[in-house]
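Asker: pasting a predicted model and its sequence here:
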Amino acid sequence: MTTRTFPTLIDRSQLLAAALHGVALALLGLHLYVRTLPPTPDPIPAPDSAEAAWWGLWPVTYLPTWAVAVGAAAVLGAIVLYWLRAFPKGLARLRFGHPPLWPTLWLISAALTLAFFLFPIAHTRWGDAFILAKGIAFPDPALRLTRSWQAPLDVALHAELWRWLHEPFGWKDATPVYRLLSPLAGALYLLVTLALCRLPLLRPAWLPYALLTTLGLMQLFFGYIENYSFAAVGVLAYLWLGLAVIEGRRPLWLAATVLAFTHATHPSTLVLAPSLLYLGALQGRAALAGGNQRLASVVVQIALPMLLVGGATFLFMEASGHGLAALLGDDRPGGGDGRWFVPLFETTTRWEHYTLFSWPHLRDLLNNQLLVAPVVPPSLAVVGIAWMAKKFRRNAAKDRSAQPRCASHEPTALFFSPSLRFLLIAAAFQLLFIAVWNPDYGGQRDWDLFSLAWLSPTLLLALLLPRTLHGRSLIGGVAPLLLLQAWHTLAWIYQNTLPWQWPR
């Protein structure tokens, strides 16, 4: 008589799904714990308060009790459903029909676009929102905010649209302009997401779509008053085109051009330049066989868009009366004190809130991650460990296994794939940027500046998950995570639709 071993009852995919469920349960527990903290009378908690320690999860405290119960039940229900179906003995299998994928994604995108217009942010508490809303529409035309080196094309677009439309529509400030353009940026974001999901590398398409549309940075498209809505679109479009360049589906110059315009929209995206150079190195290595002429073509495809767009932006700013003198003067990078980076050992101005290697600094970074991409880093850690374990197991058993495997599912092949390296480079430099850049208003109010850094890690997760989980384990493993992230982001959006006044 033989006995069935544990791995027969629960295979490795189920073990990985269980680990991902553990991530979902831990995050759910954190959300419910934050609900137990005492309310604060200050709309922006004091830095040393208990509430400030959890500002990345604070949106859940604004939800009514029934919404918290529904969200928690959805996450727990997805976990229970997976395990009920994983052990069919004694329980009937539950089956659901599968709706057509692409019509469903388009329908969801249309509903989200409508929501961008219907549920705009109700206040100007984050970042420079108050300055932008009032400065663009300042009564004295000579003192209006019409150009800024902090976001050259973005500020110019909103200022010019307000100048043309404020009289016919009676707009007292620039808020209506952002409520118009921010949702349009969101529609572009969704179109880019749909295009990105068609890449064979990122199949199944529903996974990157769900991950990207539940990120907290979706708040940027709900009438958000700041300079990051179009920058988010540009970053995602560049990452899509970069992957398409590697697959031979798009030319290098197109990715370089999109990134150049994204730099002109917001200069913080310059940190993506190393990933573009990596694309150039890939193309250059392939062009070496074709001689110097083909190699020169690769250089031109990168340099020319940067020079043309950068030069045109500089000339535009100079012609607008906000050129080099402003860049080196009052509009210099670095905010109020002109200092770019978090200080190493000592804070010396009111715009510096902590030192680089301090717990408050790390806490702000963790809160930003919890606010924008709560499931992405912990899931990446779990999937990365499982992926490496899978690699070691296959190396140990390669002589005993004669079954051929698809190259796209080989961990070793994936590790050396250009697509993975491209996303790793992009993610590494974006995360390094948010780790060292000084947020003038503090991590909570400047959450949006750092939110773009989570796009490339999200695509990394979408790339790795299908290569460690398959079939029903993929759906069952990630469903609780997606439900939790969507519930969290809905709480964040709901919080910002509530009335709020600046403290007197």
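Answerer: Here it is on my side, so go on.
Asker: what's the next secondary structure element after the host helix or strand of L107?
Answerer: Taking DSSP states H and E as the definition, L107 sits inside helix 101-118. Using DSSP H and E, the helix or strand that follows helix 101-118 in sequence is helix 129-135.
Asker: show me which residues of that next one are buried.
Answerer: For helix 129-135, burial by neighbour count (16 or more other C-beta atoms under 10 Å) applies to 129, 132-135. Backbone N, C-alpha and C define where each C-beta goes, glycine included.
Asker: can you tell me which of those is closest to R163?
Answerer: Closest to R163 out of those is G135 (13.0 Å), distances taken as C-beta to C-beta.
Asker: report the spatially nearest residue to that closest one, omitting neighbours in sequence.
Answerer: L145 (3.3 Å; C-beta to C-beta, 6 or more residues apart in numbering).
Asker: E160 is in contact with the one you found, correct?
Answerer: No - with contact defined as C-beta atoms under 8 Å, L145 does not count as touching E160 (12.0 Å).
Asker: so between the two, which is more surrounded?
Answerer: Between L145 and E160, counted using other C-beta atoms under 10 Å, the more crowded position is L145 (19 against 14).
Asker: so who does the more buried one touch?
Answerer: With contact set as C-beta atoms under 8 Å, 6 or more residues apart in numbering, L145 has these partners: 131-132, 135-136, 138, 155, 159.
Asker: tell me the pLDDT at it?
Answerer: Per-residue pLDDT puts L145 at 94.
Asker: from I131, how far off is it?
Answerer: Going from L145 to I131 by C-beta to C-beta, to the nearest Å gives 7 Å.
Asker: one step back: for the helix holding L107, enumerate the helices and strands it packs against.
Answerer: Under the contact criterion of 3 or more C-beta pairs under 8 Å, 6 or more residues apart in numbering; DSSP states H and E, helix 101-118 touches helix 175-196, helix 206-213.
Asker: got the ones you listed as JSON lines, with mean pLDDT and mean neighbour count columns?
Answerer: Formatted as JSON lines, the helices and strands packed on helix 101-118 follow (pLDDT from 0 to 100; neighbours: other C-beta atoms under 10 Å):
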{"stretch": "helix 175-196", "mean pLDDT": "97", "mean neighbour count": "21"}
{"stretch": "helix 206-213", "mean pLDDT": "97", "mean neighbour count": "22"}
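Asker: which one, of those helices, ends up nearest to L465?
Answerer: helix 206-213 (6.3 Å).
Asker: got the contact list for the closest one?
Answerer: 101, 105, 108, 112, 190, 193-194, 196-197, 202, 236, 376, 455, 458-459, 461-462, 465-466, 474, 478, 482, 485.
Asker: mind giving me the domain split of this protein?
Answerer: Following automatic domain parsing, the chain resolves into domains at 10-36+47-97+474-504, 98-392+406-468.
Asker: can you say which of those is packed in most?
Answerer: domain 98-392+406-468 (a mean of 18; mean count of other C-beta atoms under 10 Å).
Asker: isn't L190 up against A115?
Answerer: No - in this structure, L190 is not within contact of A115 by C-beta under 8 Å, at 11.0 Å.
Asker: correct me if wrong, but the residue nearest to G135 is in a strand.
Answerer: No - under DSSP: H, G, I helix; E, B strand; the rest coil, L145 sits outside any strand and is assigned coil.
Asker: distance of it relative to A174?
Answerer: 9 Å.
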